[in-house]
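1. build me a structure from this.
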Amino acid sequence: MNRKHETGRVTTTRSEDRWLFATLAAVTTVTAIVSSLGAPLVPSIASRYDVPLSTAQWILTATLITAAAATPALGRWGSGRLRRPVILGALGVVLLGTVLSALPLGIGALIAGRVLQGVGLALSPLTMAVARDVWSGDRLASRLSLLSVATVAGAGLGYPLTGLLAEYAGISGAYGFGAALVAISLALAVRFLPRHADGVPQVVDLPGVALVAVGMVCTLLAVSEGERWGWLSAPVLCLAAAGVGLLAGWIARTVRVTRRGGQPLVDLRLAARPGVLGPNVVGFVLAFAMYGLLTVVVLLVRNDGSDGWGLDRGPLSAGLVLVPYALSSVGGSRVALRIARRFGAHVLLPIGSTIFASSLVMLTFAHDTFTLALIAMAIGGLGSGFTFSSLPMLIVPHVPSAETGSAMAFNQLLRYLGFAVGSATSVALLAVYGGHDTAFRATTLTMAAACLVAAAVVPMGRARR
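-> Okay, the predicted model is just below:
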């Protein structure tokens, strides 16, 4: 049984060490897999429930908004002795959400279940905090790297699982399988998570959580429905204004709470300190481009080609196109670790951003066959592996041990905000650019440009500091 060492670090036997890491990896990967269940089915869901594609896309966007709001809250609640019960409770919420989504109760229940599943994506920073309690040195760096990329790999693995299960068991079967995976992860967590942790639970700014969540819903609803309702229509303008206002209010509240010596939802001063700001910026930009890429590739595979682009394949192919991405993400993280040891972790961000941008550029000019889509996704996975595996290596050394969970939670919040924005914006861009092959090319080039800007700006910021 794991126990506290007199230095404050949890000590484990070799067998417990292996099982603990397996548990942390399972929690991170399975919750990411569950979060991505259904993505290849977005076009089918739109057709089945007779809703626009932008509405069906909310089975992804809703999950990511929940993750963005829940991540800093769970990072605070789980910063001390409540870490274990917070992780176990969150897994219980995810299990409830997968069961709800598996029931044939309509798209409303499906989206509601997806909202609950988003809580699972908030667990990644807590698994990293557990790792820091237990390991140190090269072992800590290696395991932080793997846990960071597990979210990306898990999302990629969720797509082919969805496609395969959908071919034979439908939507209910896919989420039923997800519920079984979550139940297994919950059982492992009950058995192997450390029962002790340093620190005391921190106060959570619940009004801040509400401002972030409602602000993001309003903003992304305006983006996703703008083409259908009219970009200058009263509903869209009101939603956009409300969303921006709520998010600005959250920032103002954070500054006010910080000045008064309280605990805001996130510590913006910690997030903006040298060595942390750059990874946070790149995390958001690459997350935006990543989910944009995943969305447009699924649409590319499923589209029937009637408007000049599309491969007209089923959900299984839409899932399989993500396999190279997932495998390359894991492989890229291992290569990135060796590069970081020799040249420093700071070189990984511009390299990863440039590689990811190259995958989007390739897809822009070569997307006529399924093989080309597979190659582009493999390149994109390599860029993701370089980037996301380097983030904890860059952030953790620059923050106090007690603030590890909070710092990684904010980085994860930015990632999930980027995922949500990329999920909604990619569909909106296709509509704004006209919906034809030219629109597909313009959308991928827009996302590639964002990656290249991040690759250029971050090294400049590092030199100034």
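2. please, which helix or strand holds residue 353?
-> Element membership of residue 353 [criterion: DSSP states H and E] is helix 348-365.
3. repeat for residue 90
-> helix 83-102.
4. kindly report the same for residue 335.
-> Here residue 335 is assigned to helix 323-343, by DSSP H and E.
5. let me know the average pLDDT across the helix holding residue 90.
-> Averaging pLDDT along helix 83-102 yields 91.
6. ok, stretch 50-66 next?
-> Averaged over stretch 50-66, pLDDT sits at 81.
7. next: stretch 436-454.
-> For stretch 436-454, the mean confidence score works out to 90.
8. can you check stretch 350-360 too?
-> Stretch 350-360 comes out at a mean pLDDT of 91.
9. quick revisit: in the helix holding residue 335, what's buried?
-> 323-333, 336-337, 340 (16 or more other Cβ atoms under 10 Å). Heads up, the C-betas are built off the backbone N, CA and C, glycines and all.
10. touching, residue 430 and residue 441? I think so.
-> No. Using Cβ atoms under 8 Å, residue 430 is not in contact with residue 441, being 10.5 Å away.
11. of those two, who's got more company?
-> Remark: of residue 430 and residue 441, residue 430 carries more neighbours, 25 against 16, as counted by other Cβ atoms under 10 Å.
12. what sits against that one?
-> By Cβ atoms under 8 Å, 6 or more residues apart in numbering, the contact set of residue 430 is 296, 299, 439, 440, 443.
13. let's have the residues you listed in TSV, adding secondary structure.
-> Converted to TSV, those look like this (DSSP: H, G, I helix; E, B strand; the rest coil):
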residue	secondary structure
296	helix
299	helix
439	helix
440	helix
443	helix
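14. relative to residue 96, which of those is nearest.
-> Each of these was checked against residue 96 using Cβ to Cβ; the closest is residue 299, at 30.2 Å.
15. ok, the closest one to residue 150 distance?
-> In this view, residue 299 and residue 150 are 26 Å apart by Cβ to Cβ, to the nearest Å.
16. before we move on, what about residue 220?
-> Applying Cβ to Cβ to residue 220 and residue 150 gives a distance of 26 Å.
17. these two: which is more packed in?
-> Per other Cβ under 10 Å, whichever of residue 220 and residue 150 has more neighbours is residue 150, with 28 against 25.
18. contacts only, for the closest residue to that one other than its chain neighbours.
-> Nearest residue to residue 150, sequence neighbours excluded (Cβ to Cβ, 6 or more residues apart in numbering): residue 28, at 4.2 Å. Shown here is residue 28, whose contacts under the criterion Cβ under 8 Å, 6+ apart are 123, 124, 127, 147, 150, 151, 154.
19. name the nearest residue to the third one, sequence neighbours excluded.
-> The one in question is residue 127. Leaving aside its chain neighbours, residue 127 sits nearest to residue 24 (4.4 Å; criterion: Cβ to Cβ, 6+ apart).
20. what's the angle from the longest helix belonging to the chain to helix 323-343?
-> Criterion DSSP state H: the longest helix present in the chain is helix 137-192. Helix 137-192 and helix 323-343 are oriented at 140 degrees to each other (axes from the mean of the first three to the mean of the last three Cα atoms, to 10 degrees).
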